[in-house]
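S.K.: sharing a model prediction with you, sequence too.
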Amino acid sequence: MVMLGGKRVGQIVGLGGKGVGQILAAVAAALLLRLFSGPGPALLPENEADGDDDYPGKDDGGEAPVTGKVTPVTIRWTNITCSLSDKSGKMVRFLLKNVSGEANPGRLLAIMGPSGSGKTTLLNVLAGQLTASPRLHLSGLLDVNGQPISKEAFKFAYVRQEDLFFSQLTVRETLSLAAELQLSNKLSVDEREEYVNSLLFRLGLVNCADTNVGDAKVRGVSGGEKKRLSLACELIASPSVIFADEPTTGLDAFQAERVMETLRQLAQDGHTVICSIHQPRGSVYAKFDDIVLLAEGALIYAGPAREEPLSYFSKFGYQCPDHVNPAEFLADLISVDYSSSETVYSSQKRIDGLVEAFAQKTSTIIYATPITRRDGYMYTTKSSRRSVATKKGAWWRQFWLLLKRAWVQASRDGPTNKVRARMSIASALIFGSVFWRMGRSQTSIQDRMGLLQVAAINTAMAALTKTVGVFPKERAIVDRERAKGSYALGPYLLSKLLAEIPVGAAFPLLFGGILYPMAHLHPTLSRFGKFCGIVTIESFAASAMGLTVGAMVPTTEAAMALGPSLMTVFIVFGGYYVNADNTPIIFRWIPRVSLIRWAFQGLCINEFRGLQFDHQHSFDIQTGEQALERLSFGESHIRETLVAQGRILLFWYCTTYLLLERNKPKYQKLEPPPPDQLKQHQKIESPPSEQPEPYQQLEPPLLDQIEPSQQLESPPVDQFQPFILEGL
Ligand SMILES: Nc1ncnc2c1ncn2[C@@H]1O[C@H](COP(=O)(O)OP(=O)(O)OP(=O)(O)O)[C@@H](O)[C@H]1O
């Protein structure tokens with residue numbers, strides 16, 4: 001039995017006591033989705049779909065590292081160039097220009113630079129996470145422990161700027177679930193719990209462990225705690241390298257410091273930590289071991305942090321005044337000052353000079369340690385990001401875990417559920433008042449049709465807007481988790497479908513339960529039951545359509561615009577405004593796929609069949625069957641409309657599946673650098689040195705020490721002294 005947070009999933013989802021019918025339906029749906037999702041992970045690259053992980057000692061029968069152990073990884077990047085072209089293929093600008101550097105285990109490297117300087121781009125390139133675009137061209141070399149690698153060749157964690165979580169789960173539940181999904185059967189329940197506790201402790205999350213993560217609607221943990229939770233989730237698989245994109249953004253100084261301290265400690269534990277950061281305060285800067293300074297995509301400095309960059313720039317006459325935060329000094333030094341045309345010119349000249357100066361010595365990266373080749377320790381592409389989905393039984397295991405999460409998220413989301421309940425009650429009361437206790441007069445026929453049409457529209461719109469409002473955000477989380485190989489798409493979609501049934505059914509039932517007696521619709525219990533069944537299925541079909549819309553477009557705003565527009569088309573062809581028999585041939589297919597039309601048709605058949613109306617003239621409608629004839633619904637049955645709605649629901653679910661599968665994140669390929677740069681690279685790499693040399697002492701600055709007020713003026717480029725680091 002799957003355990004999480006001390007509760008049995010079977011109990012939580014409440015499937016056990018709901019009867020065989022639900023279970024059979026669940027199994028049938030599972031098999032269907034299983035058919036679509038195939039046996040393995042839905043997202044992993046093909047070359048990862050077979051074989052076992054490679055890890056040191058595997059050949060000796062050793063165990064794969066699971067938790068806690070960190071394999072040291074040195075990453076070196078050389079001549080990374082990223083350019084952007086326009087639609088015609090003409091290159092328009094460089095995002096990164098010949099950037100080289102190195103990150104070592106046990107050290108915290110900060111990529112610093114002004115906004116738009118290329119920090120995130122570089123971080124993404126190093127993590128192999130630069131989103132693919134036909135307009136981007138990326139070249140360069142990336143080595144891991146001295147070996148050229150392709151993507152995903154080492155265990156890495158990527159903590160992104162936005163922290164995305166399921167808001168209704170507590171910190172502990174979030175971490176436990178991530179551990180269960182990622183560690184699969186590698187640890188026993190007790191070991192896993194212990195590991196989660198140790199992570200909570202290590203990242204200072206013990207105090208908020210049982211607090212909901214929260215979101216914009218309901219306050220949960222603080223921004224800093226969220227960031228540390230992101231880190232904790234990423235640390236589960238014991239990554240060698242941790243990438244963090246602007247981890248302090250949006251945090252107050254205290255929280256920012258705590259997050260950076262966590263990163264520093266992780267570096268001290270043996271991880272290679274690389275983060276991008278805009279302008280840290282002095283105490284944060286003091287935590288960095290190495291820094292890379294970027295301006296407009298070009299390298300201005302790469303090497304040890306703290307005093308070294310200050311002494312490096314002082315040799316060009318840029319002296320950091322006493323008691324000034326070095327990070328601020330460096331930020332000012334490499335930023336363009338837009339206050340006037342003169343300052344723009346002079347600051348740009350200064351930056352160009354510094355870029356030029358560093359480029360002249362770029363073959364001499366001034367790191368303290370050389371890369372040591374770990375022979376016989378060849379990383380392969382089958383690394384940490386293997387999915388548990390390839391293991392036997394993993395599909396069902398993922399399904400139950402995700403079902404539990406989806407249920408917790410749906411059932412605990414009090415604010416959303418309250419709003420939905422209020423809206424259902426309010427609209428039922430309004431419609432019930434407008435169509436209060438309809439009689440059997442001739443005019444009541446039109447009223448009945450009008451009411452059934454607005455009931456169908458209201459139900460569909462409520463379900464659609466709820467789904468498009470939340471799904472794009474959830475999709476971002478799921479995309480990230482799937483990119484890590486945590487689970488396949490099939491179990492996710494099926495668990496979501498099943499978990500949302502009880503909550504999703506509650507609102508149309510509430511709506512029907514109030515409206516039906518108020519409007520005095522066909523007063524038999526079985527008709528009332530069928531009315532509720534029709535609107536409930538319609539609500540699920542509209543939700544499924546909302547999922548497709550959410551999977552189709554990138555943002556909630558776009559989904560909010562597209563979803564209702566699409567629904568309007570289905571409303572027009574919903575059977576009330578345009579008679580099915582009068583629909584132009586080219587539009588005949590629309591009523592067939594309109595969930596509004598099938599719901600309306602089902603509701604009309606349910607309401608009118610067997611009803612007698614008061615009549616005075618021979619041309620009056622006397623029976624409900626005659627009314628149905630006028631709508632061209634005379635021949636059909638409720639079962640037919642339910643089957644049609646079921647088909648529509650299935651269609652939207654399958655389309656969602658295919659879209660999610662197709663729109664999975666794709667990353668830009670790193671091409672080898674052009675031959676001239678490659679030659680340069682080979683020159684740097686060979687012969688490998690025995691011992692690193694400290695970089696050669698720079699010539700004394702040609703410029704006299706300048707006054708602090710003049711410090712950020714640019715010295716003439718030709719006066720820069722190139723300096724050579726030998727021995728790499
Ligand atoms: N896919 C892309 N298409 C077009 N432009 C891009 C793309 N990716 C990045 N850029 C541009 O490249 C530049 C560098 O972006 P990047 O996000 O790396 O900067 P940054 O230093 O991280 O900035 P910030 O500190 O503001 O986050 C920006 O001008 C950005 O607009």
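M.R.: Now that the structure is in, tell me what you want to look at. Numbering: from 1, shown residues only.
S.K.: now residue 297: how far from residue 119?
M.R.: 10 Å (Cβ to Cβ, to the nearest Å). Bear in mind the C-beta positions are built from the backbone N, C-alpha and C, glycine included.
S.K.: let me fix that, I meant to ask about residue 357.
M.R.: For residue 357 relative to residue 119 (Cβ to Cβ), the value is 21 Å.
S.K.: over to residue 444?
M.R.: Counting by Cβ to Cβ, the gap from residue 444 to residue 119 is 68 Å.
S.K.: same deal with residue 202?
M.R.: 27 Å.
S.K.: neighbour count: those two, which is higher?
M.R.: Shown here are residue 202 and residue 119; by other Cβ atoms under 10 Å, residue 119 has more neighbours (25 against 17).
S.K.: return the residues in contact with that one.
M.R.: Going by Cβ atoms under 8 Å, 6 or more residues apart in numbering, residue 119 touches 111-113, 245-246, 276-278, 294.
S.K.: so which of the residues you listed are also by the ligand?
M.R.: Counting by Cβ under 6 Å from any ligand atom, the subset of those that neighbours the ligand consists of 113, 276, 278.
S.K.: return the item of the contacts of residue 119 having minimum pLDDT.
M.R.: Lowest pLDDT of the contacts of residue 119: residue 278, 84.
S.K.: any idea which element residue 196 lies in?
M.R.: helix 189-202 (DSSP states H and E).
S.K.: how many neighbours does residue 501 have?
M.R.: Neighbours of residue 501 using other Cβ under 10 Å come to 17.
S.K.: and it, its phi and psi?
M.R.: Recorded main-chain torsions at residue 501 are phi -60, psi -50, according to degrees, to the nearest 10.
S.K.: which secondary element of the protein has the worst mean pLDDT?
M.R.: helix 9-13 (a mean of 35; mean pLDDT, DSSP states H and E).
S.K.: thought residue 287 was touching residue 107?
M.R.: No - with contacts counted by Cβ atoms under 8 Å, residue 287 stays clear of residue 107, the gap being 10.8 Å.
S.K.: so between these two, which is more surrounded?
M.R.: A direct count of neighbours by other Cβ under 10 Å for residue 287 and residue 107 places residue 107 higher, at 23 against 18.
S.K.: surely that one touches residue 271?
M.R.: No - Residue 107 is beyond contact range of residue 271, at 9.3 Å (criterion: Cβ under 8 Å).
S.K.: now name the helix or strand holding residue 530.
M.R.: According to DSSP H and E, residue 530 maps onto helix 525-552.
S.K.: secondary structure class for residue 575?
M.R.: Residue 575 falls in the coil class when you classify it by DSSP: H, G, I helix; E, B strand; the rest coil.
S.K.: wait, isn't it in contact with residue 592?
M.R.: No - with contact defined as Cβ under 8 Å, residue 575 does not count as touching residue 592 (11.1 Å).
S.K.: give me the more crowded residue out of these two.
M.R.: The neighbour count for residue 575 versus residue 592, taken as other Cβ under 10 Å, is higher for residue 575 (26 against 14).
S.K.: in contact with the more buried one, which residues?
M.R.: Applying Cβ under 8 Å, 6+ apart to residue 575 gives the contacts 453, 591, 594, 596-597, 600-601, 604, 631, 633.
S.K.: pull out the buried residues from the helix or strand just after the helix holding residue 530.
M.R.: Downstream of helix 525-552, the first helix or strand assigned by DSSP H and E is helix 556-572. Under the neighbour-count criterion of 16 or more other Cβ atoms under 10 Å, helix 556-572 has 556, 559-560, 562-563, 566-567, 570-572 buried.
S.K.: so what's residue 192 closest to, chain neighbours aside?
M.R.: residue 179 (5.4 Å; Cβ to Cβ, 6 or more residues apart in numbering).
S.K.: distance of that neighbour relative to residue 164?
M.R.: Per Cβ to Cβ, residue 179 is found 18 Å from residue 164.
S.K.: who has more neighbours, these two?
M.R.: Higher neighbour count among residue 179 and residue 164: residue 179, with 24 against 19, using other Cβ under 10 Å.
S.K.: could you pull out the strands in the protein for me?
M.R.: 3-4, 7-8, 75-85, 91-103, 108-112, 136-144, 147-148, 156-159, 241-245, 272-277, 290-295, 298-304 (DSSP state E).
S.K.: check contacts around residue 70.
M.R.: 105, 238-240, 269-271.
S.K.: what pLDDT does the model give it?
M.R.: Residue 70 is given a pLDDT of 76.
S.K.: from the ligand, how far out is residue 536?
M.R.: Distance, residue 536 to the ligand, using Cβ to the nearest ligand atom, to the nearest Å: 44 Å.
S.K.: let me fix that, I meant to ask about residue 84.
M.R.: For residue 84, the distance to the ligand - Cβ to the nearest ligand atom - is 5 Å.
S.K.: residues in contact with stretch 432-445?
M.R.: With Cβ under 8 Å, 6+ apart, stretch 432-445 has contacts from 447-448, 450-451, 514-515, 518-521, 611-615, 620-621, 627.
S.K.: residue ranges with poor pLDDT in this structure?
M.R.: The model of the chain has pLDDT under 70 over residues 1-69, 149-153, 184-186, 361-393, 675-728.
S.K.: near the ligand, which residues of it show up?
M.R.: Within the chain, the positions lying close to the ligand (Cβ under 6 Å from any ligand atom) are 84, 95, 113, 115-121, 133, 136, 276, 278.
S.K.: just the buried ones from those?
M.R.: 95, 113, 117-121, 136, 276.
S.K.: and of the residues you listed, the nearest to residue 548?
M.R.: Nearest to residue 548, judged by Cβ to Cβ, of these is residue 136 at 28.7 Å.
S.K.: tell me what that closest one is bridged to.
M.R.: Note on residue 136: beta-bridge partners residue 84, judged by DSSP bridges.
S.K.: from memory it sits against residue 667, does it?
M.R.: No - here residue 136 lies out of contact with residue 667, judged by Cβ under 8 Å, at a distance of 10.6 Å.
S.K.: just to revisit the earlier point, what packs against the helix holding residue 530?
M.R.: With contacts taken as 3 or more Cβ pairs under 8 Å, 6 or more residues apart in numbering; DSSP states H and E, helix 525-552 sits against helix 443-483, helix 489-519, helix 556-572, helix 595-608, helix 638-662.
S.K.: give me the neighbour count for the closest residue to the ligand within the stretch 601-728 of the chain.
M.R.: Using Cβ to the nearest ligand atom, the closest approach of the stretch 601-728 of the chain to the ligand is made by residue 668 at 8.6 Å. Applying other Cβ under 10 Å, we find 20 residues neighbouring residue 668.
S.K.: check the gap between it and residue 473 for me.
M.R.: Distance, residue 668 to residue 473, using Cβ to Cβ: 25 Å.
S.K.: do residue 658 as well
M.R.: 21 Å.
S.K.: again with residue 539
M.R.: For residue 539 relative to residue 473 (Cβ to Cβ), the value is 21 Å.
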